[in-house]
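# This is the structure alone, sequence omitted:
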């Protein structure tokens, strides 16, 4: 199985410091939906692993989150692709769960759901916690400069970025991954 793991906010959709709380606020980054569809059509199993502490903060509930994810999946399906699974952590930063990135609980859920290892799978994110979760789980860490990615690159030191692929956005990652080898 060719697996790809994507963070959501800042990778697939525009991010907000005020949180994305509804399907109306969930706006895809230009090219991201097509990139997911292209990856899916190329035989990749595309999954999403996202921290959603807005639930713990009572800014939105799981029904609102499900509606946002339904919108995301429907847009990808309209382009002929599929998101195979969306995995989320509803906890706050101080809840002590293992699913909140940089913990690897969401990645363990993906392994369990698909009966495969995430080791070596690209994990595309825009934050240091995404990169750390990727490294801790043995994934291939990929930083996109969309969302908070440019700030993440500035804030990280060389050791934190060692072995990390860096791309402008999800579409640029897709282009690099799918380009034919010579």
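Yep, it's here. This structure is a prediction, so every number in the text was calculated from the model and none was measured.

# Would you mind giving the secondary structure of the closest residue to residue 84 other than its chain neighbours?
Computed as C-beta to C-beta, 6 or more residues apart in numbering, the closest residue to residue 84 that is not its neighbour in sequence is residue 45, at 4.7 Å. No exception for glycine: its C-beta is placed from N, CA and C like everyone else's. Here residue 45 is strand, with the state taken from DSSP: H, G, I helix; E, B strand; the rest coil.

# Surely residue 45 is in contact with residue 36?
No - with contact defined as C-beta atoms under 8 Å, residue 45 does not reach residue 36; the gap is 11.5 Å.

# Tell me the buried residues in stretch 41-60?
For stretch 41-60, the neighbour count (16 or more other C-beta atoms under 10 Å) marks 44-56, 60 as buried.

# Identify the farthest-apart pair in those.
Greatest spacing in those, by C-beta to C-beta: 44 and 56 (31.1 Å).

# Run through the strands of this structure in chain order.
Along the chain, the stretches classed as strands by DSSP state E are 2-6, 44-51, 85-89, 122-125, 140-144, 165-167.

# what's the offset of the last one from the middle of its chain?
If I follow you right, that is strand 165-167. Here the centre of strand 165-167 is set off from its chain's centre by 14 Å, with C-alpha atoms, centre = their mean, to the nearest Å.

# try stretch 42-56
That offset, for stretch 42-56, works out to 5 Å (C-alpha atoms, centre = their mean).

# got the contact list for the worst-scoring helix or strand of the chain on mean pLDDT?
Across the helices and strands of the chain, mean pLDDT, DSSP states H and E gives its lowest value to helix 158-161, namely a mean of 91. Identification of contacts with helix 158-161 by C-beta atoms under 8 Å, 6 or more residues apart in numbering yields 128, 131, 132, 143, 153.
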